[in-house]
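Novice: Pasting a predicted model and its sequence here:
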Amino acid sequence: MKDKVVVGLLGAGTVGGGVIKVLEKNAADIAQKAGIEIVIAKVLGLDIEAMQKEFGDKYIYTKSFADIVDDPEIDVVVELIGREHPAKEFIQEALEKGKNVVTANKDVIAKFGKELFPIAAKHGVDLMFEASVCGGIPIIEPLRNVMSGNKIKSIMGIVNGTTNYMLSKMSDEHLDYDAVLKEAQEKGYAESDPTADVGGLDAARKMAILSSLAFNMNIDLDDVYVEGIESVDAVDIKYAQDLGYAVKLLGIAKYTDSFGASARVTPAMLPIDHPLATVNGVYNAVFVKGDAIGEAMFLGLGAGRFPTASSVVGDIMSIARNIKAGATGRLGMCSYREKRLCPPEAMTSPTYIRMRVVDKPGALAAIAAAFAAQSVSLRNVIQKDNKGNTDIVVITHSVSRANLQMAIQILEVLPVVDRICCVISVEDRSLE
Ligand code: HSE
């Protein structure tokens with residue numbers, strides 16, 4: 001009978017360091033709650049001296065993965081080095097050698113999860129990944145376990161803190177995109193290369209994971225339609241506010257029996273009384289609709305040392321309980337459904353479009369005709385003076401992405417349209 005669960009930690013940076021500190025600080029309670037003591041034996045990192053200085057002499061520090069994966073004492077490998085490689089290979093080898101694995105790595109789970117989960121199942125070990133989506137928010141475990149009796153109909157999430165911080169600042173302080181991006185970088189929220197955040201890729205990885213879990217099929221990263229917030233201007237946020245909406249970068253995943261699954265990341269307008277519209281700053285939130293639970297929202301910090309460590313430590317404790325009960329490997333990814341993706345013509349939403357126009361007779365008629373030619377019905381049309389230029393803002397009734405794209409192509413070549421400035425979907429059921 002084991003008297004402790006032994007952990008090998010890969011990475012002692014922001015999150016890894018947080019895991020060490022949480023396991024030290026709350027050790028006695030964690031042992032009580034897990035029913036067994038949990039100890040870190042070895043820590044993998046590049047700067048051994050720095051690790052010794054920060055975490056003391058309690059641990060064996062190593063630069064060699066083999067020291068950890070080939071150590072028969074180690075039960076759980078915790079991967080916190082990030083990025084795709086060599087993290088994926090480390091996880092795979094650990095599973096193949098019968099180690100349980102905890103990871104916070106959304107890049108690996110979104111891209112290689114469908115390869116790794118069968119390996120974990122084959123070897124009867126756990127692969128846990130709560131921290132890979134929205135850091136400290138418990139959402140993986142609820143989808144995998146607590147809510148798994150539901151048919152999940154949809155998930156809408158603010159799953160990227162950097163962009164939520166930026167959009168909140170643009171909204172509250174009427175600042176321009178470039179100014180808020182610079183501030184987000186200075187505060188350390190946005191990466192020095194913020195492309196994955198502002199371009200929507202970080203959110204798309206998280207939505208690939210969440211939608212796969214929610215709909216029990218492998219939704220690949222390439223299946224997620226992605227648009228970032230680069231084209232959203234302070235003026236769009238102002239117009240949205242005037243119309244009663246907040247602008248958010250939303251991950252939206254839906255499933256219907258008739259059409260199958262869809263997943264996308266797009267800037268979206270939400271009625272200001274929607275629970276997600278009140279989630280501001282670096283906070284993340286996930287809003288789930290299920291046939292039994294109704295609506296539920298999960299809110300918290302999606303990144304940062306201790307929020308992310310909270311999820312990692314929770315996963316280690318779940319594995320510790322499973323080890324104690326001789327029941328590892330009981331909870332897989334559960335993608336038992338054939339992938340069936342909603343065709344683009346069935347993915348519809350009302351849409352906001354702002355275009356810069358030449359203010360002359362017939363402009364509006366030409367624009368209306370372009371929409372009519374693609375059977376796009378208009379709900380609101382507003383002409384605005386924008387710093388000496390003329391903008392026309394249109395909100396359509398529900399339109400398929402295919403029809404909208406064709407209407408936009410026609411608009412782009414109209415002599416009266418200078419350019420299409422911004423396109424934002426409107427998630428307002430009262431308009432559908
Ligand atoms: N860069 C992410 C965010 C955190 O801004 O939310 C890690 O996924």
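Specialist: Good, I have the coordinates.

Novice: Can you confirm whether stretch 67-86 lies near the ligand?
Specialist: No. Using Cβ under 6 Å from any ligand atom, stretch 67-86 never reaches the ligand; the gap is at least 9.4 Å. Placement of C-beta: from N, CA and C, glycine included.

Novice: Alpha carbons only: can I get that stretch in PDB?
Specialist: C-alpha atoms of stretch 67-86 as PDB (Å, rounded to 0.1, in the frame of the first residue of the first chain):
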ATOM      1  CA  ASP A  67      15.800  11.500 -14.700                       C
ATOM      2  CA  ILE A  68      12.100  12.000 -14.100                       C
ATOM      3  CA  VAL A  69      10.400   9.700 -16.600                       C
ATOM      4  CA  ASP A  70      12.600   6.700 -15.700                       C
ATOM      5  CA  ASP A  71      12.300   7.200 -12.000                       C
ATOM      6  CA  PRO A  72      10.100   4.300 -10.800                       C
ATOM      7  CA  GLU A  73       9.200   6.200  -7.600                       C
ATOM      8  CA  ILE A  74       7.500   9.000  -9.600                       C
ATOM      9  CA  ASP A  75       3.700   8.400 -10.000                       C
ATOM     10  CA  VAL A  76       2.700  11.700 -11.600                       C
ATOM     11  CA  VAL A  77       4.500  13.800 -14.200                       C
ATOM     12  CA  VAL A  78       3.300  17.500 -14.200                       C
ATOM     13  CA  GLU A  79       4.100  19.200 -17.500                       C
ATOM     14  CA  LEU A  80       4.300  23.000 -17.200                       C
ATOM     15  CA  ILE A  81       6.900  23.800 -19.800                       C
ATOM     16  CA  GLY A  82       4.400  25.000 -22.400                       C
ATOM     17  CA  ARG A  83       4.300  25.100 -26.200                       C
ATOM     18  CA  GLU A  84       4.000  22.100 -28.400                       C
ATOM     19  CA  HIS A  85       7.500  20.600 -28.400                       C
ATOM     20  CA  PRO A  86       9.100  18.900 -26.600                       C
END
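
Novice: Tell me which residue of the stretch 301-432 of the chain lies closest to the ligand.
Specialist: residue 303 (3.8 Å; Cβ to the nearest ligand atom).

Novice: What distance do you get for that residue to residue 190?
Specialist: Separation of residue 303 from residue 190 (Cβ to Cβ, to the nearest Å): 11 Å.

Novice: higher neighbour count, those two?
Specialist: A count of neighbours by other Cβ atoms under 10 Å puts residue 190 above the other of residue 303 and residue 190, at 24 against 19.

Novice: quick one on the thing from earlier: shouldn't the residue of the stretch 301-432 of the chain closest to the ligand be within a strand?
Specialist: No. Applying DSSP: H, G, I helix; E, B strand; the rest coil, one finds residue 303 to be coil, outside a strand.

Novice: show me the contacts for it.
Specialist: Contacts for residue 303 (Cβ atoms under 8 Å, 6 or more residues apart in numbering) come out as 135, 161, 282.
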